[in-house]
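> Quick one, fold the following:
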Amino acid sequence: MQETTTRRVAARLSAMQVKSPLAPGKYHDGGGLGLYLLVKPSGARSWMQRIMVKGKRREIGLGSPPVVTLARAREVALENKRQVYEGMDPLQARKEAEAVPTFEEAARTVHQLHEPTWRNKKHAAQFIATLETYAFPRMGKTKIGDVTTSDVLAVLSPIWNEKRETAKRVRQRIGTVMKWAVAKGWRQDDPSMAIAQALPKDRQEKEHRKALPYSEVSTCMAAIENSGAGIVTKLAFRLLVLTASRSGEVRLARWGQIDWKAEGGPVWTRPASVMKAKKAHSVPLSAAAVTVIGQAQEISDSDDPEALIFPGTVKGKPLSDATLLKLVRENGYDIDIHGFRTSFRTWTQEKTTFPREVAEAALAHTIKDKAEAAYARSDLMEKRRALGEAWAVYLAH
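Model prediction:
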């Protein structure tokens with residue numbers, strides 16, 4: 001095997017020398033980095049670095065001119081030297097860096113991991129479809145660890161005003177992928193959470209309670225279900241939506257308020273102290289709502305009737321007022337918790353034949369019309385139970 005001639009230069013290499021015709025050999029750059037330009041008999045050139053790693057001499061390829069300039073080769077060589085000084089192996093570090101997936105690869109992996117657990121198959125399909133349409137063209141080939149807030153902003157800005165709800169879902173799904181990357185150690189943060197102030201606000205949303213169209217509530221519920229929130233918070237949110245309750249009514253719910261043996265099925269009676277109208281209100285529970293409360297019962301550590309069904313992190317204290325709002329906001333939904341009551345009311349009006357007074361009674365609204373109020377005082381429990389079951393069935397599809 002023919003040896004390669006070592007050709008040392010009096011000073012460090014220059015960019016001009018690297019571009020000039022050179023005889024085959026090794027042209028050392030000097031500077032203590034072990035960097036040299038290898039010129040083969042064929043004329044092919046490549047940057048190499050001779051370095052000691054844990055007592056062993058290693059030859060590391062750094063790429064070829066002109067793709068890798070002299071300045072860039074020095075930067076990489078210096079970084080390799082730093083890694084060795086800190087006890088690392090540059091070659092191993094390079095392999096690990098190459099193993100970091102692109103955003104698209106990460107998103108498809110997350111989709112595959114979550115798909116078997118998603119109850120709503122439509123949501124599973126939409127998860128990857130929206131990313132394919134809006135996110136992959138802009139940052140799909142970018143390493144997951146290199147995605148910046150600017151990249152996310154570039155994805156969302158073109159659709160934020162025209163397709164606001166779609167943009168919010170894209171943002172939420174980007175966040176799901178980023179949280180997975182953080183858990184894998186490929187990122188330190190979720191860039192989708194840092195762009196709220198950079199996106200324009202909707203004036204109409206500021207003037208009214210922010211609510212989802214009822215057709216999108218099930219998708220939101222699926223997103224919450226697959227989020228990293230605690231099980232107690234998830235269950236509280238689910239019961240709130242299923243029963244169209246106010247936040248405080250759910251957060252302050254206690255075991256003694258549930259009558260499992262009530263005629264017609266389980267009933268949840270909220271005391272006047274937690275109701276806006278300051279009147280006790282009974283809620284006939286749908287099968288889905290009973291399942292939620294049953295799941296909460298399985299993880300409860302108390303059989304005290306006064307114990308909270310959904311306790312907060314501080315023993316004996318309820319979930320904070322901001323917990324549920326934070327939950328939906330962190331998952332990409334810029335809405336109010338109260339808005340789910342609006343979604344329920346609109347669905348009842350547009351998609352069912354239940355009388356108005358049944359929906360109003362379900363929402364515990366005070367009825368001002370005396371004739372209607374007298375009618376509402378009659379036994380509507382059976383109709384309200386049917387309405388609750390219909391709402392639960394709608395959300396499950």
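> Same question for the residue lying closest to residue 31 once chain neighbours are set aside, what's its three-state structure.
Nearest residue to residue 31 in three dimensions, chain neighbours excluded: residue 12, at 5.9 Å (Cβ to Cβ, 6 or more residues apart in numbering). Every residue, glycine included, has its C-beta placed from N, CA and C. Recorded secondary structure, residue 12: coil (DSSP: H, G, I helix; E, B strand; the rest coil).
> So what's the residue count around residue 12?
Summarising burial for residue 12: neighbours were counted as other Cβ atoms under 10 Å, giving 13.
> likewise residue 66?
Based on other Cβ under 10 Å, the number of other residues close to residue 66 is 10.
> Nearest residue to it in space, please, no chain neighbours.
Residue nearest to residue 66 in three dimensions, not counting chain neighbours: residue 19, with 7.6 Å by Cβ to Cβ, 6+ apart.
> and what of residue 54?
Spatial nearest neighbour of residue 54, chain neighbours left out: residue 89 (7.0 Å); criterion: Cβ to Cβ, 6+ apart.
> Quick check: the gap between that neighbour and residue 143.
Distance from residue 89 to residue 143, counting by Cβ to Cβ, to the nearest Å: 20 Å.
> Break this structure down into its structural domains.
6-99, 103-200, 214-395 (automatic domain parsing).
> Any chance of TSV for these, columns mean pLDDT?
Listed next are the domains of the chain as TSV, based on pLDDT from 0 to 100:
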stretch	mean pLDDT
domain 6-99	85
domain 103-200	87
domain 214-395	87
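> so who does residue 356 touch?
By Cβ atoms under 8 Å, 6 or more residues apart in numbering, residue 356 lies in contact with residue 349.
> sorry, that was for residue 128
Taking Cβ under 8 Å, 6+ apart, we find residue 128 in contact with 107-108, 111.
> Out of these, which sit inside strands?
Secondary structure of the contacts of residue 128 is defined by DSSP state E; no position falls in strands.
> Output these as TSV; include the columns distance to residue 76 and neighbour count.
Shown next, in TSV, are the contacts of residue 128 (distance: Cβ to Cβ, whole Å; neighbours: other Cβ atoms under 10 Å):
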residue	distance to residue 76	neighbour count
107	29	26
108	30	18
111	35	19
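> Distance to residue 23 added to these, as JSON lines?
As requested, the contacts of residue 128 are arranged in JSON lines below (distance: Cβ to Cβ, whole Å):
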{"residue": "107", "distance to residue 23": "50"}
{"residue": "108", "distance to residue 23": "49"}
{"residue": "111", "distance to residue 23": "55"}
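> Does the residue nearest to residue 31 touch residue 27 like I think?
No. Judged on Cβ atoms under 8 Å, residue 12 makes no contact with residue 27 at a distance of 10.5 Å.
> Does the residue nearest the centre of the chain belong to a helix, a strand or coil?
With distances taken as Cα atoms, centre = their mean, residue 176 lies nearest the centre of the chain, 2.8 Å away. Three-state secondary structure (criterion: three-state DSSP) places residue 176 in helix.
> picking up where we left off before, so how many other residues sit close to the residue nearest to residue 66?
Each residue near residue 19 was counted by other Cβ under 10 Å, and the total is 12.
> tell me the phi and psi of it?
For residue 19, the backbone dihedrals are phi -80, psi -20 (criterion: degrees, to the nearest 10).
> Distance check, it against residue 37.
Remark: distance between residue 19 and residue 37 (Cβ to Cβ) = 11 Å.
> and for these two, which residues touch both?
Residues within reach of residue 19 and of residue 37 at once, by Cβ under 8 Å, 6+ apart, are residue 65.
> just to revisit the earlier point, could you report the separation of the residue nearest to residue 54 from residue 59?
The spacing between residue 89 and residue 59, counted by Cβ to Cβ, is 14 Å.
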